[in-house]
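**Q** Here you go, sequence then predicted model.
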Amino acid sequence: MRFSSLFAPTLKDAPTDAEVVSHKLLVRAGMIRQVARGIYDYLPLGLRVLRNVERIVREEMDRAGAQELLLPAVCPAGLWQESGRWDVYGKELLRLKDRHEREFCIGPTHEEVITDVVRSAVRSYRDLPLNLYQVQTKFRDEIRPRFGLMRGREFIMKDAYSFHADKADCEREYRHMYETYERIFARCGLAFRAVEADTGAIGGSLSHEFQVLADSGEDAIAACSKCSYAANVELAALGEVSADAVTEEASAELRRVATPSKRTVEDVSSYLEIPVDRFIKTLIFQKDDGTAVAALVRGDQTLSEAKLRAALGCDWVRLADSHTVEKVTGAAIGFAGPVGLEAPIVADQSLHGIRGAASGANSDDEHLVGVEHGRDFGPGVTFADLREAVAGDRCPRCGEGAYTIRRGIEVGQVFYLGTKYSKALEATFLDAEGQTRPIEMGCYGIGISRTIAAAIEQSHDENGIIWPQPLSPYPIEIIPVSLTDTAVVETTEKLESSLREKGHEALVDDRDERAGVKFKDADLIGIPLRVTVGKKGLEKGIVELKHRGDGTVEEIPIAEAPARLAEKIG
RNA sequence: CGGGGUGUAGCUCAGACUGGUAGAGCACUGCGUUCGGGACGCAGGGGCCGCAGGUUCAAAUCCUGUCACCCCGACCA
């Protein structure tokens, strides 16, 4: 490819609306362009990277025995009504009507559609198992898209769905896909970690996320320092804590104190001069059945909604609005507490036996101090693991290690779905005994476009992108330093054609620009191997190979160049 | 949806407070010099100042509305 004819409008300045480095660099390198909030064009270089990720994904999925198909982006409402998600998915689901006023949505995920395909064709256990996948544009009308390709509304996803006669076979496939994902992300040249995860709106009971490790990641993951356990902090298991400083605190008399307009834990803590870890933070939630529940964590802890959902056994919870809070506690937001509260209470296990604590008094502008579990609240309180893990928390799996927290970008997730969708959509089969049974399902997603952003977040420097070789838009770039020196031009052309004979398409910067401009653009675009062909080198009979990643330079004799370079491309 | 902010040339931004011929740098075109890490000179082209109303002799500037985009929060692959 000749750079002079490539459509790659590079920029010296990053657009102001780009925040994260992957977004800035993708735009500056002329790979993507924003069209609307969370919606992007892929320009030629960006598309080549996208195709590389897709190619690796397809190769590994095919190798794993999955079959590619393509489902519609526009899906009829009926299927979504059958599964019940038409009502529960909310505004993230982009709904539209056709000319006959029939309702559709643009698919944010395709469990319904694929299940419809399978139920119409599968009759017998002999038709199973099946693993079907597609690479497709999805649309999720996110509340707040951001960070370029990291959280777009329209994005490209590989979604696979597997169908099985029994749970054991489904779990086998789950592990198989887990291993396939490890191969995929390893082949993409990414440093990643598979972690236990929440199942969220997709549903199901077992899930792992594949997180690319990067400081700018939106997710926090807890990993044990001793054993292999790792999980999203919202799900990372915490053992029962032994009596700590809080519970050893001498019991005090329950007292009511005035705390005018002090609503947050921080406000009240500094006002009363009581440490935040001796606060009982009381959050009022609404469950999916409409009832309210109070969730307690310590003032220094963050409640995990995922854990709360699990503890309550419900599909979703939502922080209650001010109206509900007032109804439940009899006070404005900021003054809720467990003492005398009518609503059901679930508390983090670390609050068991707490004494000498502070909490809201369920009365405007008042808090309680000297609160003691057992004496002042309970016994109806349910204790559970409700808080997000923090660095230093002990790992309950091995009981030895402590958690370290790292940031990650979720690029893939695997779910064991069970029969959630097959039951709702009546996707059944006849087993060997002639019994009608619902199909066991798993689903497996990879954010193709997000993987591109994650690769950049993980691998870049102040000059631009550093692509892992397998994702690079071109495997190698050749820069002829001069266009007037015939030896330079001829060597460049020979090198280009001999690489092409070996199956490698080089990007040749044949623009009539000064060398500095070409070098800067090369760094920005991030092709990992760069060959400089210049007069100086030719006089010595060599070309220079510069590695974009570590900046090292190798001198390669011209005659050996095609073979040596092809070898490095791999 | 709540809070904050921004819309002026392809990109980054001045100009607005105090209304009076629309600017700079980069990019682009031509010529010359230069030529291994974003060169220099000279000469050019390019703007419904987001959009719509209003005030005014006169609006990029003041007022109202609207749209778009960004950030923080709740939410989420």
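**A** Done, it's in.
**Q** residues in contact with stretch A:1-10?
**A** The set of residues external to stretch A:1-10 that reach it, using C-beta atoms under 8 Å, 6 or more residues apart in numbering, is A:28-31, A:43-45, A:474, A:505-512, A:518, A:521, A:524-525. The way it works is simple: take the backbone N, C-alpha and C, and place the C-beta from them, glycine included.
**Q** Tell me the buried residues within those residues.
**A** Applying a neighbour-count criterion of 16 or more other C-beta atoms under 10 Å, the buried members of the contacts of stretch A:1-10 are A:28-31, A:43, A:45, A:474, A:506-511, A:518, A:521, A:524-525.
**Q** List, out of these, those positioned next to RNA strand B.
**A** Restricting the buried ones among the contacts of stretch A:1-10 to those within reach of RNA strand B (C-beta under 7 Å from any atom of the strand) leaves A:28, A:521, A:524.
**Q** Pull out the buried positions in stretch A:265-285.
**A** Residues of stretch A:265-285 classed as buried by neighbour count (16+ other C-beta under 10 Å): A:265, A:268-269, A:272, A:274, A:276-285.
**Q** of all these, which comes closest to RNA strand B?
**A** RNA strand B lies nearest to A:Phe285 out of the buried residues of stretch A:265-285, by C-beta to the nearest atom of the strand, at 8.9 Å.
**Q** quick one: the residue nearest to A:Asp17 when sequence neighbours are not counted and A:Arg153, what's the gap?
**A** Spatial nearest neighbour of A:Asp17, excluding adjacent residues (C-beta to C-beta, 6 or more residues apart in numbering): A:Gln34 at 7.1 Å. Distance from A:Gln34 to A:Arg153, counting by C-beta to C-beta, to the nearest Å: 11 Å.
**Q** Which one's more surrounded, these two?
**A** More neighbours surround A:Arg153 than the other of A:Gln34 and A:Arg153, with 20 against 17 (other C-beta atoms under 10 Å).
**Q** What is the neighbour count of the residue lying closest to that one once chain neighbours are set aside?
**A** Nearest in space to A:Arg153, with sequence neighbours left out and distances taken as C-beta to C-beta, 6+ apart, is A:Gly38 at 3.4 Å. When neighbours are counted by other C-beta under 10 Å, A:Gly38 registers 21.
**Q** now do A:Ala455
**A** What A:Ala455 shows, counting by other C-beta under 10 Å, is a neighbour count of 30.
**Q** next one: A:Ala332
**A** 16.
**Q** And A:Pro108, by the same measure?
**A** 20.
**Q** quick one: the spatially closest residue to it that is not a sequence neighbour and RNA strand B, what's the gap?
**A** The shortest distance from A:Pro108 to any non-neighbouring residue, by C-beta to C-beta, 6+ apart, is to A:Arg140 (4.3 Å). Here A:Arg140 is placed at a distance of 5 Å from RNA strand B (C-beta to the nearest atom of the strand, to the nearest Å).
**Q** in the stretch 101-250 of chain A, which spans are strands?
**A** Per DSSP state E, counting those that start in this stretch, the stretch 101-250 of chain A carries strands over the ranges A:103-106, A:130-139, A:154-164, A:192-196, A:206-213, A:219-224, A:230-232.
**Q** what's the residue nearest to the spatial centre of chain A sitting at in phi/psi?
**A** Per C-alpha atoms, centre = their mean, the C-alpha nearest to the average position across chain A is that of A:Glu410, at 2.2 Å. Per-residue torsions, A:Glu410: phi -80, psi 120 (degrees, to the nearest 10).
**Q** Next up, the contacts around the closest residue to it other than its chain neighbours.
**A** Spatial nearest neighbour of A:Glu410, excluding adjacent residues (C-beta to C-beta, 6+ apart): A:Glu209 at 4.9 Å. By C-beta under 8 Å, 6+ apart, the contact set of A:Glu209 is A:194-197, A:219, A:232, A:408, A:410, A:412-413.
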